[in-house]
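Q: no sequence for this one, just the structure:
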């Protein structure tokens, strides 16, 4: 498997994990769990959906063939 495919799969997995974190945050709010838990899931979801895929794309995917 090439390095580009690994970076792409890592980005996809990160986004899927982020959506699960957002769903868990929503579920914890609806089930009246502690607010800290909702915040933790929400922040983790934001990291998995935005920061990690952008970092992979900018710093790894753009330099693979160089």
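A: That came in fine, so what should we check first? Values in this document were obtained by computation on a predicted structure and should not be read as measured data. Numbers count the residues shown, from 1 in each chain.
Q: Just the element for residue 14, please.
A: helix 3-30 (DSSP states H and E).
Q: List the buried residues of that helix.
A: 7-8, 11, 14-15, 17-18, 21-22, 24-25, 28 (16 or more other C-beta atoms under 10 Å). Placement of C-beta: from N, CA and C, glycine included.
Q: now these as TSV including pLDDT and distance to residue 63?
A: What follows is those, written out as TSV (pLDDT from 0 to 100; distance: C-beta to C-beta, whole Å):
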residue	pLDDT	distance to residue 63
7	88	10
8	90	14
11	94	15
14	97	18
15	97	21
17	98	24
18	98	24
21	98	28
22	98	30
24	98	34
25	98	34
28	97	38
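Q: any idea which of the residues you listed is closest to residue 53?
A: Proximity of the buried residues of helix 3-30 to residue 53 was ranked by C-beta to C-beta; the top entry is residue 11 with 4.4 Å.
Q: residues contacting that closest one?
A: 52-53, 56-57, 61 (C-beta atoms under 8 Å, 6 or more residues apart in numbering).
Q: got the contact list for stretch 53-66?
A: With C-beta under 8 Å, 6+ apart as the test, stretch 53-66 has contacts from 2-4, 7-8, 10-11, 14-15.
Q: Could you find the closest non-adjacent residue to residue 21?
A: Counting by C-beta to C-beta, 6 or more residues apart in numbering, residue 45 is the residue found nearest to residue 21 once chain neighbours are left out, at 3.4 Å.
Q: Work out for me the element the one you found sits within.
A: Going by DSSP H and E, residue 45 is part of helix 35-46.
Q: what comes into contact with that helix?
A: Residues contacting helix 35-46 (C-beta under 8 Å, 6+ apart): 18-22, 24-25, 28-29.
Q: tell me which residues in it are buried?
A: In helix 35-46, counting by 16+ other C-beta under 10 Å, buried: 38, 41-42, 44-45.
Q: so what's the residue nearest the centre of the chain up against?
A: Taking C-alpha atoms, centre = their mean, the centroid of the chain lies closest to residue 48, which sits 1.6 Å from it. The contact partners of residue 48, by C-beta under 8 Å, 6+ apart, come to 14-15, 17-18, 21.
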